[in-house]
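Asks: Please work out how this folds:
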Amino acid sequence: MKAMMLTGIRQMEMKDIPEPVLLNKNDVKIRMSVVGICGSDIHYYTQGQIGSQVVKYPFAVGHEGGGVVVEVGPGVKRVKPGDAIAIEPAMPCWSCDQCLAGRHHTCRKLKFLGCPGQAEGCLMEYIVMPEESCFPLEKPLNTDHGSISEPLAIGGYAVKKSGGVKGKKIGILGYGPIGMSVMLAAKAEGAESFFITDKIDARLAIAGKEGNAFTANPVKENAVDKILRKEALGLDIVFECCGQQEALDQAIEILKPGGRLVVVGIPEFDNWIVNVEKTRRKEISLQFIRRQVDCVEAALSLMQSGTIEIENMITHRFPFSKTKEAFDLVEGYSDGVMKAMIDF
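Replies: Numbering: from 1, shown residues only. Next up, the predicted model:
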């Protein structure tokens with residue numbers, strides 16, 4: 001079968017590799033239909049690592065997937081051949097202290113699609129996943145929804161960990177797919193208003209389509225002053241969704257005393273710097289987010305009911321053979337890209 005694999009920094013090649021086979025009774029073989037490109041995939045493409053997770057070439061990334069079941073092991077009951085499914089990329093052990101505590105997203109033995117040292121990604125024609133990672137897609141959902149359920153679940157989890165957004169004034173700094181997922185999830189939970197920043201005007205325009213959003217471009221204007229002129233007392237909750245130190249600094253400025261800062265973005269540096277004076281005097285609560293736990297079904301349900309629509313998120317599509325072009329587009333934030341999808 002064909003697999004698109006990283007072969008060096010900003011290098012990618014289509015390779016022939018053996019087709020995977022079922023090894024366990026709860027295994028599910030999936031023919032990939034679509035894969036969304038995530039910011040973490042771009043980190044591996046341009047940096048060759050995220051923190052201690054270093055790529056050994058060749059390696060396939062990709063973890064936002066939707067596909068069709070082609071074969072199942074004898075113990076599988078959740079899905080059957082022919083089913084369109086969403087793919088949860090995490091494969092926990094279900095037996096360590098973290099799993100038993102309901103924190104299987106921080107499993108001690110976690111394997112995650114497209115994560116170096118854990119599992120090859122889904123930028124290949126077929127993959128095998130455990131039954132627990134497979135979620136059937138009920139009409140009107142399709143495999144695009146299956147792929148988007150992964151970032152949307154992260155947005156939903158971030159909102160859940162924020163302590164509640166209903167009736168709250170929400171800041172989202174960095175309006176890429178994760179920032180948008182946070183907004184969609186928070187809107188579904190009844191947030192009052194949104195204050196969105198991003199360096200790309202096309203993304204701010206998408207935010208404006210999604211509801212009651214006040215936007216600012218920090219490259220072109222003083223985003224902090226603009227937001228505080230609009231909301232002088234500050235915001236209740238701010239989600240940092242771009243992994244930038246300047247965004248963290250801005251979040252602290254626009255939060256009201258007693259506010260909550262939720263850090264979702266993945267930085268390319270090792271240490272955040274937090275202003276002690278302002279965070280202490282404001283008594284700001286700080287919450288870091290690690291992927292998600294038990295939010296995939298909720299994300300699918302919100303899309304199935306029409307509460308969340310994703311048509312504004314998917315902006316570009318590429319055939320499997322042009323995956324590198326898609327990665328270059330996303331890396332360069334070109335052509336107003338929000339989410340680029342790879343079609344098989």
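Asks: all contacts plus neighbour counts: C-alpha atoms, from now on.
Replies: Fine.
Asks: Bridged to Ile87, which residues?
Replies: Beta bridges link Ile87 to Gly65, Cys134, judged by DSSP bridges.
Asks: and what of the one 4 residues further on?
Replies: On the basis of DSSP bridges, Met91 takes part in beta bridges with Lys111.
Asks: I figured it hits Phe112, correct?
Replies: Yes. Met91 is within contact range of Phe112, at 5.9 Å (criterion: Cα atoms under 8 Å).
Asks: Which residue ranges of the stretch 51-200 of the chain form helices?
Replies: 97-100, 143-161, 177-188 (DSSP state H, counting those that start in this stretch).
Asks: For the shortest one, which outside residues touch it?
Replies: Residues outside helix 97-100 that contact it (Cα atoms under 8 Å, 6 or more residues apart in numbering) are Pro92, Cys93, Trp94, His104, His105, Thr106, Cys107, Arg108.
Asks: one more time with 6 Å, if that's ok
Replies: His104, Cys107 (Cα atoms under 6 Å, 6 or more residues apart in numbering).
Asks: Can you give me the buried ones in it?
Replies: Residues Gln98, Cys99 are the ones in helix 97-100 that count as buried (16 or more other Cα atoms under 10 Å).
Asks: nearest spatial neighbour of the residue nearest the centre of the chain, skipping sequence neighbours?
Replies: In the chain, the centroid-proximal residue (Cα atoms, centre = their mean) is Pro151; its distance is 3.0 Å. In this structure, Pro151 finds its nearest non-sequential neighbour in Ile178, 6.0 Å apart by Cα to Cα, 6 or more residues apart in numbering.
Asks: What is the burial count for that neighbour?
Replies: 28 (other Cα atoms under 10 Å).
Asks: Over to Tyr175?
Replies: When neighbours are counted by other Cα under 10 Å, Tyr175 comes out with 24.
Asks: could you measure it against Glu240, distance?
Replies: 10 Å (Cα to Cα, to the nearest Å).
Asks: Settle this for me: Trp114 is touching Met124, isn't it.
Replies: If you look again at residue 114, you'll see it is Gly, not Trp. No. Counting by Cα atoms under 6 Å, Gly114 sits too far from Met124 to count as a contact (11.0 Å).
Asks: Would you mind listing the residues touching both of the two?
Replies: Counting by Cα under 6 Å, 6+ apart, Gly114 and Met124 have no shared contacts at all.
Asks: who's in contact with Ile148?
Replies: Applying Cα under 6 Å, 6+ apart to Ile148 gives no contacts.
Asks: Which element, helix or strand, includes the nearest residue to Leu233 once chain neighbours are set aside?
Replies: Nearest residue to Leu233, sequence neighbours excluded (Cα to Cα, 6+ apart): Lys256, at 6.0 Å. Element membership for Lys256 (DSSP states H and E) is strand 255-263.
Asks: Give me the contacts around that strand.
Replies: Strand 255-263 is contacted from outside by 234-240, 282-288, using Cα under 6 Å, 6+ apart.
Asks: now do stretch 333-343
Replies: Counting by Cα under 6 Å, 6+ apart, 34-37, 176, 202, 313-320 sit against stretch 333-343.
Asks: Sort out which residues of that stretch are buried, please.
Replies: So for stretch 333-343, counting by 16+ other Cα under 10 Å, buried means Gly336, Val337, Met338, Lys339, Ala340, Met341, Ile342, Asp343.
Asks: Mind picking the lowest-pLDDT entry from the residues you listed?
Replies: Confidence by pLDDT is poorest for Gly336 among the buried residues of stretch 333-343, given 92.
Asks: Okay, that residue and His316: tell me how far apart.
Replies: 9 Å.
Asks: ok, now Ile17?
Replies: Applying Cα to Cα to Ile17 and His316 gives a distance of 28 Å.
Asks: more neighbours, these two?
Replies: Neighbour comparison, Ile17 and His316: the larger count goes to His316, with 17 against 11 (by other Cα under 10 Å).
Asks: so what's that one bridging to?
Replies: What pairs with His316, by the bridge criterion (DSSP bridges), is Ala340.
Asks: Please report the distance of it from Tyr333.
Replies: 12 Å.
Asks: what do you get for Ile252?
Replies: 26 Å.
Asks: got it, and Lys282?
Replies: 35 Å.
Asks: now swap in Gly75 and tell me
Replies: Distance, Gly75 to Tyr333, by Cα to Cα: 44 Å.
Asks: Could you do Ala90 as well?
Replies: 27 Å.
Asks: do the same with His104
Replies: Taking Cα to Cα, one finds His104 at 33 Å from Tyr333.
Asks: Now do the phi/psi pair for Pro20.
Replies: The phi/psi pair for Pro20 (degrees, to the nearest 10) reads phi -70, psi 160.
Asks: same question but for Cys242, I mixed them up
Replies: phi -130, psi -10.
Asks: What is the neighbour count of it?
Replies: When neighbours are defined as other Cα under 10 Å, Cys242 has 23 of them.
Asks: Same check on Leu204?
Replies: 22.
Asks: Where does it sit, in terms of helix or strand?
Replies: helix 201-209.
Asks: The next helix or strand after that helix pairs with which strands, and in what direction?
Replies: Going down the chain from helix 201-209, the next helix or strand is strand 213-216, by DSSP H and E. Note on strand 213-216: by DSSP bridges, its sheet partners are strand 193-197 (parallel).
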